[in-house]
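Chemist: starting from these lines, generate the structure:
(3 chains)
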Amino acid sequence: MNIIIVNHADETMSDFLQELNPSQLKAVRHTEGPLLIIAGAGSGKTRVLTYRIAYLLREGVAPHQILALTFTNKAAGEMKERIAHVTGERAASQVWAGTFHSIFARLLRYEAEHLDYTSSYSIYDAEDSLSVVKNIMNSMGYSQQQFPPQAVRGRISSAKNQMIGPREYAAQASNLAERQTAEIYIRYEERLRANNAMDFDDILLNMIRLLQRYPEILQKYRERFRYIMVDEYQDTNRAQYTAIRMLAGGHNNIAVVGDDAQSIYKWRGADIRNILDFQKDYPNAETVKLERNYRSTKAILAAADSVIKRNKRQLDKTLWTENSDGEPVRVIQAWDDRQEAAQIAEIIRCEISENFRNMRDFAVLYRTNAQSQALEDALRRASLRYTIVGGMSFYKRKEIKDVLSYLRLLVNQSDSESLLRIINEPSRGLGSVSLGYLQDFATRENIPLFEAFMRVADVPALMPRARKSAADFAAFIRRFAERVQRGESIVEIAVEYIEATGMPNVLREERTDEAEDRLRNIERVLSNIGEYAAHEDNPTLEGFLQQISLAADIDDTDASANAVTLMTLHSAKGLEFPTVFVAGLEQGLFPLARTENDPDEKEEERRLFYVGITRACKQLFLSYAERRFRFGELAFNEPSCFLDEIPSDTLEWKRGDSLRRTPKSADASRPAPFITRHNSQFTKPARTEKPFYDDIPRNESYSQLPPPANSRPNIRAGQRVRHAQFGIGTVNSVVERTSGEWQAVVQFQNVGRKQLLLRYAKLEIIG
DNA sequence: TGGCCGAACCTGGTG
DNA sequence: GGTTCGGCCA
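Modeler: Numbers count the residues shown, from 1 in each chain, chains lettered A, B, ... in the order given. I've put the predicted structure just below:
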């Protein structure tokens, strides 16, 4: 019986190998020694990774010896699913596949004591660590106006990504902001340590520390993970790179997959050198290029190619496809952001009703999360279901973060940050004064804040009411913590514990729809715990919290739901859709204003555009609006320079029928776009109502209109200007006031943001 | 101690 | 347009 099964599996396997093209096959079969796979967009790299794992399993490698590091948990899950198809559920579930953070966090829980953490350490997300930074800055008396905590946290995080510790950072600080960041950095590290907490960066750094400090542990994991694979290698940072090098040292069975053209995370520490120098790091490395694209039409690929070839620094490769030519890439011009969204919704509606397409075939990609608003409104009006990735996700909501903080405190009473978050949620009558006494005491005694709550007798300054309140709170936490230690069911404990916090009752009494929503959200967390406990062999609250903390926005999007997907271009990496819209192609928005003067940043924006284009299989739409609301103001923008980088013979321009059209002077600096009039697939002639699109060339449409009454000034968002009094600055937006006056919002280098009426302020454009 | 109001930020992307 | 934060008052 066994033999038959093995034979069958073997047969399936061979079948799969036959599906691979020569390069893919080479990558799958190269199992020993270092391997660099340069995988162009849509070249089937997930298939290669999946079959490579299946192949290793067939060669007799045990599943737990394989470590596959992916960019998102979702990608890891999909990979496991596909492996299961080839080799069966059992083996697939034992493969170590996940993100750097989730895999390392898991290992660190086993090894926590070696680094003076406990296995129930808390994981702080960006928001948690920001609030630590704020607390520290307040205690040091730094003004948040002068030194934005966001920026301080950003500097600390990027130092950590480059593996620069607080002392080293202090030593190389070159200006006031950096010197102050250094001071905060030192305290930040102490604070997290005292809280038995790690931020996202610490998970990587502590893994490295562990491997450096304990050779026997390093040896253990080198033997455990005999085969290592890394996806999206172009987006690894210094810390990730170092951890991989250590783990792969010895056997050197490391296969990395990446595409330098899709490197879009430099801003968070990704180091493109990691992929460019792979052959230097591993001298006997084999390189395989996957250049055949299976995803997109020739038209889409041609557009992508013409864009990316403007970047200077890149590995040599040429994508090709045997897919059909496909439809031309279409550019949608809109009057404003609302109309842009309406046109997108209308196209989707049309495609669904006339070409029997599914809602899940469509994705709308944008540069900034703020753009989702108008799109959501338009889709709702068109009665189209949508799912939105990122933005205000479930686990970022206040009530959810409160529940999670309560749970964190339950397993980790050193976590003063969580304690502070929930102590007055609901209000327990402990104001800043009482909390101040308790914190002072904790600092003096060098104990966690929670311990001060347990020792209120030693804090004489407390008023009787506050004293009782603090003592009651400590007793309440202790009572439930003991139940956790006794090993009672975590689901039961969590349900009773959250009820006992008093939060649900407060919400019930509120009797508003919003409170109802929040209550339901809390219930959803509790049922998530139930779900987690049902799937896990050894469910713990720590495990649940870890899984939640490290979930990415993209991870909990449900691919089976039939809905239009809205997300940022960054989130779209690794995905594909039959029809893709890239919205908001405007100067100052995409590419973003501040990247215009920096060639490196502009190249990264261009790669992001390339990523967007190559998500599309069959249809690609690019859209822009002439004006849009940003910062609550109407801003005017030129079409993105990226549009000029696509050859005009693959493009087709479409202008939405404006409901209101306000004059705008013709822009003679741009050539008239190429217009194809013979394409009938797009404009539906059969429709009886007025067509939504017309073939008006954009310049013509303006020139037919009467000259503007109060003509638009020359100044554009993104430009650098000089003001006689305020000095040099960058234009944020140019706005027409209801009075008809034109106003510019300028961010000056020295004096901050100013609103200037162009009639009075003489601004000199300098770049 | 907590709630209300206006000012000032924001929107650059994420595990 | 939304959110967050600090100041002021009951």
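Chemist: report the rounded mean pLDDT for stretch A:548-559.
Modeler: In this model, stretch A:548-559 has an average pLDDT of 80.
Chemist: thought residue A:82 was touching residue A:44?
Modeler: No: applying CB atoms under 8 Å as the test, residue A:82 and residue A:44 come out as separate, 11.9 Å apart. Bear in mind the C-beta positions are built from the backbone N, C-alpha and C, glycine included.
Chemist: in contact with the residue of chain A found nearest DNA strand B, which residues?
Modeler: Shortest chain A-to-DNA strand B distance, computed as CB to the nearest atom of the strand: residue-wise this is residue A:431, at 2.3 Å. Listed by CB atoms under 8 Å, 6 or more residues apart in numbering, the contact set of residue A:431 reads residue A:466.
Chemist: and what of residue A:98?
Modeler: Shown here is residue A:98, whose contacts under the criterion CB under 8 Å, 6+ apart are A:68-70, A:73, A:76, A:106.
Chemist: quick one on the thing from earlier: more crowded one of residue A:82 and residue A:44?
Modeler: residue A:44 (22 against 18; other CB atoms under 10 Å).
Chemist: so what's that one up against?
Modeler: Applying CB under 8 Å, 6+ apart to residue A:44 gives the contacts A:20-21, A:24, A:290, A:292, A:294.
Chemist: please see if the helix or strand containing residue A:229 touches DNA strand B.
Modeler: For residue A:229, the enclosing helix or strand under DSSP states H and E is strand A:227-230. No: no part of strand A:227-230 sits near DNA strand B under the criterion CB under 7 Å from any atom of the strand; the closest distance found is 13.4 Å.
Chemist: now that strand - C-alpha only, CSV.
Modeler: Presented in CSV, the C-alpha positions along strand A:227-230 are these (Å, rounded to 0.1, in the frame of the first residue of the first chain):
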residue,chain,number,x,y,z
TYR,A,227,18.0,24.0,3.7
ILE,A,228,17.2,27.6,3.8
MET,A,229,15.2,29.6,1.3
VAL,A,230,14.6,33.3,1.3
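Chemist: related to what we said a few turns ago, in strands only, show me the contacts of residue A:44.
Modeler: Using DSSP state E, the subset of those located in strands is residue A:290.
Chemist: low pLDDT regions in the stretch 601-750 of chain A?
Modeler: A:655-713, A:717-718, A:732-743, A:747-750 (pLDDT under 70).
Chemist: how about the residues of it near DNA strand C?
Modeler: By CB under 7 Å from any atom of the strand, the part of the stretch 601-750 of chain A that sits against DNA strand C consists of A:629, A:631-632.
Chemist: wait, does the helix or strand encompassing residue A:331 contact DNA strand C?
Modeler: Following DSSP H and E, the helix or strand that holds residue A:331 is strand A:329-336. No: Strand A:329-336 is not in contact with DNA strand C by CB under 7 Å from any atom of the strand; minimum separation 13.2 Å.
Chemist: next SSE downstream of that strand?
Modeler: helix A:337-355.
Chemist: packing partners for that next one?
Modeler: strand A:329-336, strand A:362-366, helix A:372-381, strand A:577-582, strand A:616-630, strand A:651-656 (3 or more CB pairs under 8 Å, 6 or more residues apart in numbering; DSSP states H and E).
Chemist: who does the first one pair up with?
Modeler: Taking DSSP bridges as the criterion, strand A:329-336 sits next to strand A:616-630 (parallel), strand A:651-656 (parallel) in its sheet.
Chemist: could you redo those strands as CSV and give each row distance to residue A:212?
Modeler: Shown next, in CSV, are the strands paired with strand A:329-336 (distance: least, CB to CB, whole Å):
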stretch, distance to residue A:212
strand A:616-630, 44
strand A:651-656, 53
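Chemist: can you redo these as CSV with mean neighbour count?
Modeler: As requested, the strands paired with strand A:329-336 are arranged in CSV below (neighbours: other CB atoms under 10 Å):
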stretch, mean neighbour count
strand A:616-630, 24
strand A:651-656, 21
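Chemist: flag every residue of the stretch 351-500 of chain A that's near DNA strand B.
Modeler: Taking CB under 7 Å from any atom of the strand as the criterion, the stretch 351-500 of chain A approaches DNA strand B at residues A:367-370, A:390, A:424, A:427-434, A:466.
Chemist: now stretch A:406-425 - C-alpha only, PDB.
Modeler: Extracted as PDB, the C-alpha positions of stretch A:406-425 are listed here (Å, rounded to 0.1, in the frame of the first residue of the first chain):
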ATOM      1  CA  TYR A 406      -5.000  43.500  29.000                       C
ATOM      2  CA  LEU A 407      -4.000  40.000  27.800                       C
ATOM      3  CA  ARG A 408      -0.400  41.100  27.500                       C
ATOM      4  CA  LEU A 409      -0.400  42.300  31.100                       C
ATOM      5  CA  LEU A 410      -2.000  39.000  32.200                       C
ATOM      6  CA  VAL A 411       1.000  37.000  30.900                       C
ATOM      7  CA  ASN A 412       3.700  39.600  31.400                       C
ATOM      8  CA  GLN A 413       3.200  41.800  34.400                       C
ATOM      9  CA  SER A 414       6.500  43.600  33.700                       C
ATOM     10  CA  ASP A 415       4.800  45.200  30.700                       C
ATOM     11  CA  SER A 416       4.300  48.700  32.200                       C
ATOM     12  CA  GLU A 417       3.400  50.000  28.800                       C
ATOM     13  CA  SER A 418       0.400  47.800  28.500                       C
ATOM     14  CA  LEU A 419      -0.500  48.600  32.100                       C
ATOM     15  CA  LEU A 420      -0.500  52.300  31.400                       C
ATOM     16  CA  ARG A 421      -2.600  51.800  28.300                       C
ATOM     17  CA  ILE A 422      -5.500  50.100  30.100                       C
ATOM     18  CA  ILE A 423      -5.300  51.400  33.700                       C
ATOM     19  CA  ASN A 424      -8.100  53.900  33.000                       C
ATOM     20  CA  GLU A 425     -10.000  51.800  30.500                       C
END
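Chemist: wait, doesn't residue A:170 sit right on residue A:182?
Modeler: Yes: shown here, residue A:170 and residue A:182 form a contact pair, counting by CB under 8 Å, at 3.7 Å.
Chemist: those two: which has the busier surroundings?
Modeler: Taking neighbours as other CB under 10 Å, residue A:170 and residue A:182 compare with residue A:182 leading, 20 against 16.
Chemist: and whichever strand or helix holds that one, what does it pack against?
Modeler: When secondary structure is defined using DSSP H and E, the element that contains residue A:182 is helix A:176-194. Under the contact criterion of 3+ CB pairs under 8 Å, 6+ apart, helix A:176-194 touches helix A:126-140, helix A:149-161, helix A:166-172.
Chemist: that older thread, and which of the residues of the stretch 351-500 of chain A next to DNA strand B is nearest DNA strand C?
Modeler: Nearest to DNA strand C out of those is residue A:370 (CB to the nearest atom of the strand; 7.8 Å).
Chemist: up against DNA strand B, what does the stretch 501-650 of chain A have?
Modeler: Selection of the stretch 501-650 of chain A residues close to DNA strand B by CB under 7 Å from any atom of the strand yields A:550, A:552-554, A:567-568, A:570-571, A:592, A:594-595, A:601, A:604-605, A:630-632.
Chemist: before we move on, the earlier item: avg pLDDT for the helix holding residue A:182?
Modeler: With pLDDT averaged residue by residue, helix A:176-194 scores 90.
Chemist: how far off centre is that helix?
Modeler: Taking CA atoms, centre = their mean, to the nearest Å, one finds helix A:176-194 lying 26 Å from the centre of the chain it belongs to.
Chemist: what residues does the helix or strand just after that helix touch?
Modeler: Proceeding C-terminally, helix A:176-194 gives way to strand A:197-199 as the next helix or strand, assigned by DSSP H and E. For strand A:197-199, the external contacting residues (CB under 8 Å, 6+ apart) are A:105, A:108, A:117, A:121-125, A:128-129, A:157, A:160, A:192, A:206, A:412, A:414-415, A:417.
Chemist: before we move on, back to that, so what pLDDT did the residue of chain A closest to DNA strand B get?
Modeler: We note a pLDDT of 84 for residue A:431 in this prediction.
Chemist: many thanks, I have nothing further to ask.
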